[in-house]
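Novice: I need the structure of the sequence given here:
(chains A and B)
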2 protein chains.
Amino acid sequence: MLQVWALSGLPEVDAGANLAALIGDAIGAVAGSGDVSGSGSIPDGESLENGDIVVITSKIVSKAEGRFVVAADREDAITAETVRLVAWRTGPAGTTRIVENKLGIVSAAAGVDASNTPEGTILLLPVDPDASARAIAQQLRERFGVEVGVLITDTLGRAWRDGQTDHAIGAAGVHVFEDLRGQTDAEGRPLVVTKPCVADEIAAAAELVKGKASGLPVAIVRGRSDLVGPLDLPGARSIVRPAELDMFRRGADEAYADGYAAAVAERDS
Amino acid sequence: MLQVWALSGLPEVDAGANLAALIGDAIGAVAGSGDVSGSGSIPDGESLENGDIVVITSKIVSKAEGRFVVAADREDAITAETVRLVAWRTGPAGTTRIVENKLGIVSAAAGVDASNTPEGTILLLPVDPDASARAIAQQLRERFGVEVGVLITDTLGRAWRDGQTDHAIGAAGVHVFEDLRGQTDAEGRPLVVTKPCVADEIAAAAELVKGKASGLPVAIVRGRSDLVGPLDLPGARSIVRPAELDMFRRGADEAYADGYAAAVAERDS
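Specialist: Sure thing, here's the model as predicted:
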C-alpha cells in the first residue's frame, strides 16, 4: 500500500527561510495534534516514519534560497537561463522555445517560474537541487530520528505527449532508479525494460495530491521504504540523459535546417 | 490522501479471458474475506468505491485479447508494428530504434513485449486500448454499482531522461488531463503551466506498487474521485501529441541527414 498526502500548515516561504525547519514544524504540529480530519494530515496523527519520502515543489526551495530575480519579461529570463536552444516553433500564441538549462534539463521554460511570484520578479530553480535535497534530508533525519528521503520536483513537458507531469530534479537518500537489470521474467529471460525511474514516478504521484493551484507544495509518500537509503546515493542529476546518448538533442526542423545549411556551405566552399 | 495498492489474487490471464470478470472476482474475493493482512489487499476489506481508478498493465489486456504472435525475433516484430521510424542509434549492444506505433505512441519497442510470454511468441498492444478500457470500466461499474475509471498502462522511455516510467495508453471514465487553463495564481495571473497529464501521473503512481517483476498487474488508486466521470470522456489517444505540433518527430541526426541530402539533391537536379 502506497499512501500519499499533502502536508498542511506550511507557512508562506520567504527568502532565507530554513525550509527543513518549516517542513519539520508542519509535520510536528500535525503529529502533535492528533488531528486526522484534514485531508492534509499525516495519517493517524503520526510523525515521519522510517522510509518516508518527502516530496517538495522546487518553487518553495527556490524561494527559501532567494532565487528571485527582477525581470520585466519572462521571455528575457528564459533566455538568460538557457544554456542551449533545442527547438522553437512560432504559432498564433507566440514562440515556444524548448531549451536546455544549467542543470541539463530540457523543457519549455528553462526552469523559469513566473507564477505565484511578486509582480516584476521571476523565480529561478535552485542552483543545485540535489544539494538542496541533501541538506533538507539531513535536517529532517536528525530532527525526527528516522531515515527519510527527499525529492525536489519540477513540472516538465514531454517530447511526444501533450501536457505536463512532475519530475524529480533534486534527490537525496532515495534511489532514483529501481535497477532491475539482471532480473529475469517468469520464463527466465532477462527483463528488457530494466530501469524504472521511480524518482519521477514518486514525483508524479505527489503531484496528484499537491496540485498546481491548491498551494500545497509538500507531499509525503509512504510505502516504498525499500527505495530510501544513504544520503550520498546518486541524485536527480543522474536522470538527465547525457548529450552523447540523446537522440533528440535538437528539434527535427532545426536539425534538418542545420544539415541543409551544412551541405550548402560545403558546396560554396 | 491518495491510496494506491496492488490487487492480489488475480490468476494467470489466458487468451479469451474476461479480464473485467477476473479483476472483479479478485476484488470481490478480497472484499469478502475481510483479509487486510496482505500487502495487495483492499484496505479495510472494502470493495471498489465511487471514484476509484483501476490501473491495468497493458500486458494482461493484450493476453486476454489474444494478441500473441509467433515471432522468432523481437526485432522483426518491432519492425512489423512500426508505422514510422523516428530515430536509431547503433552502439556496442546493438541498434536502438525509436519508432511510432499504430497508436501514435513513440517508444523504443513499438509496444512489442517479449517478456513473460511463451517462448517463440511476443505480445502486441491491444488494438484499441481506449476501447478495452471502456469495456472493462463498464463491466466493473455494472458489477459493483459504483462509478470507477480504468487506465491501461505501458512502460515508455523519455526523450531527455534516462530510464522508463509507466504511462496511460488507454483510458475510460477518467479525465486524462486536469484542465487548469483559465485558472490564476495567488497574484491573479494566469497559470502558465496549465495542463497536468493526470492519467500519466496515476499510471506512474500505480507502477510504484505493481512493479516490473512482482507479477501484480493491476492497481487501485483511491483519492482522486474528482477525476472520474462519464465513460465517453476523451481517451488516452488524446494524450498523443499530433504530428504537426511535435517538434521531435524525427531524431536530430536523422533530420540533419535529411536536410543534408535534400540540399545535395537540389544541387544535383
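Novice: give me the low-pLDDT residue ranges for the stretch 101-250 of chain A?
Specialist: For the stretch 101-250 of chain A, residues meeting the criterion pLDDT under 70 lie at A:185-193, A:212-213.
Novice: those helices in it, which residues are they?
Specialist: Under the criterion DSSP state H, counting those that start in this stretch, helices of the stretch 101-250 of chain A are mapped to A:129-144, A:198-210.
Novice: and among those helices, the most buried is which?
Specialist: Greatest average neighbour count among the helices of the stretch 101-250 of chain A goes to helix A:198-210 (a mean of 28), per mean count of other Cβ atoms under 10 Å in any protein chain shown. (Glycine included, C-beta is placed from N, CA and C.)
Novice: quick one: contacts for A:K210?
Specialist: Residues near A:K210 by Cβ atoms under 8 Å, 6 or more residues apart in numbering or on different chains: A:A6, A:V55, A:T57, A:D166, A:L216, A:P217, A:V218, A:A219.
Novice: Tell me, how many residues neighbour the fourth one?
Specialist: Using other Cβ atoms under 10 Å in any protein chain shown, A:D166 is surrounded by 27 other residues.
Novice: now do the last one
Specialist: Other residues near A:A219 number 28, with proximity taken as other Cβ under 10 Å.
Novice: For it, give its distance to A:G111.
Specialist: According to Cβ to Cβ, to the nearest Å, A:A219 and A:G111 sit 20 Å apart.
Novice: now swap in A:D14 and tell me
Specialist: For A:D14 relative to A:G111 (Cβ to Cβ), the value is 20 Å.
Novice: Compare the two (neighbour count), which wins?
Specialist: Of the pair A:D14 and A:G111, A:G111 is the one with more neighbours under other Cβ under 10 Å, namely 25 against 10.
Novice: which residues touch the nearest residue to the more buried one once chain neighbours are set aside?
Specialist: In space, and not counting its chain neighbours, A:G111 is closest to A:L125: 3.8 Å by Cβ to Cβ, 6 or more residues apart in numbering or on different chains. Counting by Cβ under 8 Å, 6+ apart, A:L125 touches A:S58, A:S62, A:R67, A:N101, A:L103, A:G111, A:D113, A:D154, A:I169.
Novice: quick one: the second one and A:V112 touch, right?
Specialist: No: the pair A:S62 and A:V112 fails to qualify as a contact (Cβ atoms under 8 Å) at a distance of 10.3 Å.
Novice: ok, A:V99 touching A:V112?
Specialist: No: taking contacts as Cβ under 8 Å, A:V99 lies outside contact range of A:V112: 9.6 Å.
Novice: which SS class is A:Q3?
Specialist: Classification of A:Q3 using DSSP: H, G, I helix; E, B strand; the rest coil returns strand.
Novice: can you count the residues close to it?
Specialist: Neighbours around A:Q3, by other Cβ under 10 Å: 19.
Novice: measure the nearest residue to it once chain neighbours are set aside to chain B for me?
Specialist: In space, and not counting its chain neighbours, A:Q3 is closest to A:R222: 4.5 Å by Cβ to Cβ, 6+ apart. Distance, A:R222 to chain B, using Cβ to the nearest Cβ, to the nearest Å: 10 Å.
Novice: swap in A:A114?
Specialist: To chain B, A:A114 is 6 Å away according to Cβ to the nearest Cβ.
Novice: quick one, phi psi at that residue?
Specialist: phi -110, psi 10 (degrees, to the nearest 10).
Novice: how many neighbours does it have?
Specialist: A:A114 has 19 nearby residues by other Cβ under 10 Å.
Novice: My guess is it contacts A:D76. True?
Specialist: No: assessed by Cβ under 8 Å, A:A114 is found out of contact with A:D76, at 10.9 Å.
Novice: top of the contacts of A:K210 by neighbour count?
Specialist: A:V55 (30 neighbours).
Novice: and that one, that's in a helix?
Specialist: No: under three-state DSSP, A:V55 falls outside any helix and is assigned strand.
Novice: which non-adjacent residue is nearest it?
Specialist: A:A206 (3.7 Å).
Novice: Surely the one you found is in contact with A:D154?
Specialist: No: if you go by Cβ under 8 Å, A:A206 and A:D154 don't touch, sitting 12.0 Å apart.
Novice: any shared contact partners between those two?
Specialist: A:D166.
Novice: how near is the closest residue to A:G170 other than its chain neighbours to A:L7?
Specialist: In this structure, A:G170 finds its nearest non-sequential neighbour in A:P129, 2.8 Å apart by Cβ to Cβ, 6+ apart. According to Cβ to Cβ, A:P129 stands 19 Å off from A:L7.
Novice: go on, A:W160?
Specialist: A:W160 is 34 Å from A:L7, by Cβ to Cβ.
Novice: I figured the residue nearest to A:G170 hits A:T153, correct?
Specialist: No: contact criterion Cβ under 8 Å: A:P129 and A:T153 do not qualify, at 9.2 Å.
Novice: correct me, but A:V228 touches A:A171?
Specialist: No: using Cβ under 8 Å as the test, A:V228 is too far from A:A171 to be in contact (10.9 Å).
Novice: ok, back up a step: what do A:P129 and A:T153 both touch?
Specialist: A:S58, A:I169.
Novice: Residue of chain A nearest chain B, please.
Specialist: A:G259 (3.1 Å; Cβ to the nearest Cβ).
Novice: Spell out which parts of the stretch 1-150 of chain A neighbour chain B.
Specialist: The stretch 1-150 of chain A comes close to chain B at residues A:1-5, A:39, A:43, A:74, A:87-89, A:98, A:105-106, A:109, A:114-119, as judged by Cβ under 8 Å from any Cβ of the partner chain.
Novice: Buried among those residues? Make that a ChimeraX selection.
Specialist: The ChimeraX selection below is limited to those of the residues of the stretch 1-150 of chain A next to chain B classed as buried (16 or more other Cβ atoms under 10 Å in any protein chain shown):
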select /A:1,2,3,4,5,87,89,98,105,106,109,114,115,116,117
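Novice: Please name the residues that touch A:V150.
Specialist: A:53-56, A:133-134, A:136-137, A:140, A:170-174.
Novice: and the two most separated of these?
Specialist: The most widely separated members of these, counting by Cβ to Cβ, are A:V55 and A:R134 (14.9 Å).
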